[in-house]
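>>> The sequence isn't on hand, but the structure is:
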């Protein structure tokens, strides 16, 4: 009986028939040739036209290759978006405190091991190595006991026993002395190693205590060293992007100035993805500039908050009165550009929760969705940017312009001029100088980048008794007489007894003449040289001219 190769004897179709029914060819059979133009007709029905002058089958292959390339490039762009989202997440992680207490080391002695490694011991003398050979038998029927009674053998046996006992006693003596010496040497070596470990820990802790004493004395080198160790530890979560932060401490205002290197602009993807153009090429789809700017500012804000948290967390002794942070974009061949600047006093840092986990995650598209357009939906509601604004930070509107901002304070030197001070630093300096002079109970009414207006009261027995209106400013032009008239009106409105006009510059001739008149005797003047003299007198610290 003959059977078809496509069927079985029981009438069920074979695997070959099943494959053919499903449209597939068996491995051992050659595929049937498709009709001419079949794939081209199929792709044309899907809306893809073959280029003129190109065979239809070649156009189909080229179209498929271009589609695969477009998909691959889009996946690469999506991976860049996911990397940015991961950076944003890691930059928002809280940092570990790097204060002096956390850096102290402790010494825990290790016990001497019972099975300490000792040199190999000398082998114990064995009787088998000393016993003389037994005498041979005189006949096959002679018993062994008769041979052992041989006088010569007995003499040899007695001599051998004497030698063995002597060597055994000497071995035991050597062993007792040698083992004790080796054990003592091993224990001594262990104790020396432990003493060395304890000494290293002790010397390290002593050096740390020396640094702590210098830190409490506000020595710049000690404060900067501690800050930079804390800032370097904070960078551990984002080692894959450069975000170095340098610190400078100004004892005059007890302020740390941090210069943060912001990551390069290309860390933010510039494309949404790729699409297949009409000519069959993979065409890039650029992102809107506003979305790129928003994503970059989110990352910069998180890095800035992390640096502020590290500086605030390490200052457990309250040495810092404030922190100035400037975020710089550095590009080869161009001058650094400041993209954000924060000027926060210690109270503002204490009120602000500097580091929090981001509330939302990146929008990861499904397979059939459009590629992700941004990491978060609304940059204005991003928590890091909101917290920076709570600290009165100045942030660029366009980092890709780039549009620079004016730094609140610069880290030019440890001994600064008033022009290098931030608004908070200048206000702190004026308040400290006048408080040391006798004015207390401060109430700041107005404060801006170039000065402040405040009221203060001095005790009756102080050098500055009564209620005062203080107007302090950083001027480059001489103070005019109109400003003295304005201050006199403020003194009358506040019901104060005197007014103080302080400037880091000078007073014009007309202002000096007006202050000498009878009606303005209650207005007191301090110029830039007077400010520097007050700094040397009351703070014992210099203030650079300029």
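Yep, it's here. None of the values given here were measured: they were computed from a predicted structure.

>>> If you count neighbours, what's buried in stretch 230-249?
230-231, 233-235, 237-238, 241, 243, 245, 247-249 (16 or more other Cβ atoms under 10 Å). All C-beta spots, glycine's among them, are computed from the backbone N, C-alpha and C.

>>> mind listing the helices for the protein?
For the chain, helices defined by DSSP state H occupy the ranges 15-21, 38-45, 56-91, 100-103, 144-148, 151-216, 220-234, 289-314, 346-351, 383-390, 423-437, 481-494, 509-515, 528-534.

>>> close enough to count as contact, residue 124 and residue 168?
Yes: the pair residue 124 / residue 168 is scored as a contact, 7.4 Å apart, by Cβ atoms under 8 Å.

>>> Of these two, which one has the most company?
residue 168 (15 against 10; other Cβ atoms under 10 Å).

>>> Give me the pLDDT for the more buried one.
Looking at residue 168, its pLDDT is 86.

>>> Excluding chain neighbours, what is closest to it?
Counting by Cβ to Cβ, 6 or more residues apart in numbering, the nearest residue to residue 168 once its immediate chain neighbours are dropped is residue 125, at 5.1 Å.

>>> picking up where we left off before, what is the most widely separated pair among the buried residues of stretch 230-249?
Using Cβ to Cβ, these span at most 26.2 Å, a distance reached by 241 and 249.

>>> Could you give the bridge partners of residue 345?
Here residue 345 sits in beta bridges with residue 322, going by DSSP bridges.

>>> how about it, what does it touch?
Residues in contact with residue 345 (Cβ atoms under 8 Å, 6 or more residues apart in numbering) are 321, 322, 424, 428.

>>> Distance-wise, check it relative to residue 255.
9 Å (Cβ to Cβ, to the nearest Å).

>>> Spit out the residues that contact those two alike.
321, 322, 424, 428.

>>> May I ask you to confirm that the second one is in contact with residue 343?
Same thing as residue 322. Yes: between residue 322 and residue 343 there is a contact at 7.3 Å, judged by Cβ under 8 Å.

>>> Which neighbours do those two have in common?
Common neighbours of residue 322 and residue 343 (criterion: Cβ under 8 Å, 6+ apart): 422, 424, 425.

>>> what's the neighbour count on the last one?
For residue 425, the number of neighbouring residues by other Cβ under 10 Å comes to 25.

>>> likewise the first one?
Applying other Cβ under 10 Å, we find 27 residues neighbouring residue 422.

>>> What residues does it make contact with?
Here residue 422 is in contact with 255, 322, 324, 343, 408, 409 (criterion: Cβ under 8 Å, 6+ apart).

>>> Now it: closest residue in space that isn't a chain neighbour?
residue 409 (3.3 Å).

>>> Assess the claim that the one you found and residue 417 are in contact.
No: if you go by Cβ under 8 Å, residue 409 and residue 417 don't touch, sitting 11.1 Å apart.

>>> Residue 329 touches residue 267, doesn't it?
No: the pair residue 329 / residue 267 is not scored as a contact, 11.3 Å apart, by Cβ under 8 Å.

>>> Comparing these two, which shows the higher neighbour count?
residue 329 (22 against 17).

>>> coming back round to it: which two of the shared contacts of residue 345 and residue 255 have the greatest separation?
Spatially, the most separated pair among the shared contacts of residue 345 and residue 255 is 321 and 424, at 8.3 Å (Cβ to Cβ).

>>> quick one: common contacting residues for these two?
Shared contacts of residue 321 and residue 424, counting by Cβ under 8 Å, 6+ apart, come down to 255, 345.

>>> and those two? which has more neighbours close in?
Taking other Cβ under 10 Å, residue 321 and residue 424 do not tie; residue 424 has more neighbours (23 against 19).

>>> I'd like the distance between that one and residue 385.
Residue 424 is 21 Å from residue 385, by Cβ to Cβ.

>>> And for residue 108?
Using Cβ to Cβ, residue 108 is found at 47 Å from residue 385.

>>> Looking at the two, which one has more neighbours?
Taking other Cβ under 10 Å, residue 108 and residue 385 do not tie; residue 385 has more neighbours (22 against 8).

>>> so how far is residue 298 from that one?
Between residue 385 and residue 298 the distance is 7 Å, computed by Cβ to Cβ.

>>> Over to residue 334?
24 Å.

>>> Which one's more surrounded, the two?
Shown here are residue 334 and residue 298; by other Cβ under 10 Å, residue 298 has more neighbours (25 against 9).

>>> contacting residues for the closest residue to residue 214 other than its chain neighbours?
Closest residue in space to residue 214, ignoring its immediate chain neighbours: residue 222 at 3.6 Å, by Cβ to Cβ, 6+ apart. Applying Cβ under 8 Å, 6+ apart, we find residue 222 in contact with 211, 212, 214, 215.

>>> Tell me the pLDDT of the last one.
So that's residue 215. On pLDDT, residue 215 comes in at 89.

>>> how about it, what does it touch?
Applying Cβ under 8 Å, 6+ apart to residue 215 gives the contacts 100, 222, 223, 226, 317, 319.

>>> 6 Å instead?
222, 223, 226 (Cβ atoms under 6 Å, 6 or more residues apart in numbering).

>>> mind checking how far it is from residue 68?
61 Å.

>>> Could you report the neighbour count for the nearest residue to residue 438 once chain neighbours are set aside?
For residue 438, ignoring the flanking residues on the chain, the nearest one in space by Cβ to Cβ, 6+ apart is residue 462 at 3.3 Å. Residue 462 has 13 neighbours, counted by other Cβ under 10 Å.

>>> Same check on residue 213?
Using other Cβ under 10 Å, the number of residues around residue 213 comes to 11.

>>> measure residue 97 to residue 127 for me?
Distance, residue 97 to residue 127, by Cβ to Cβ: 71 Å.
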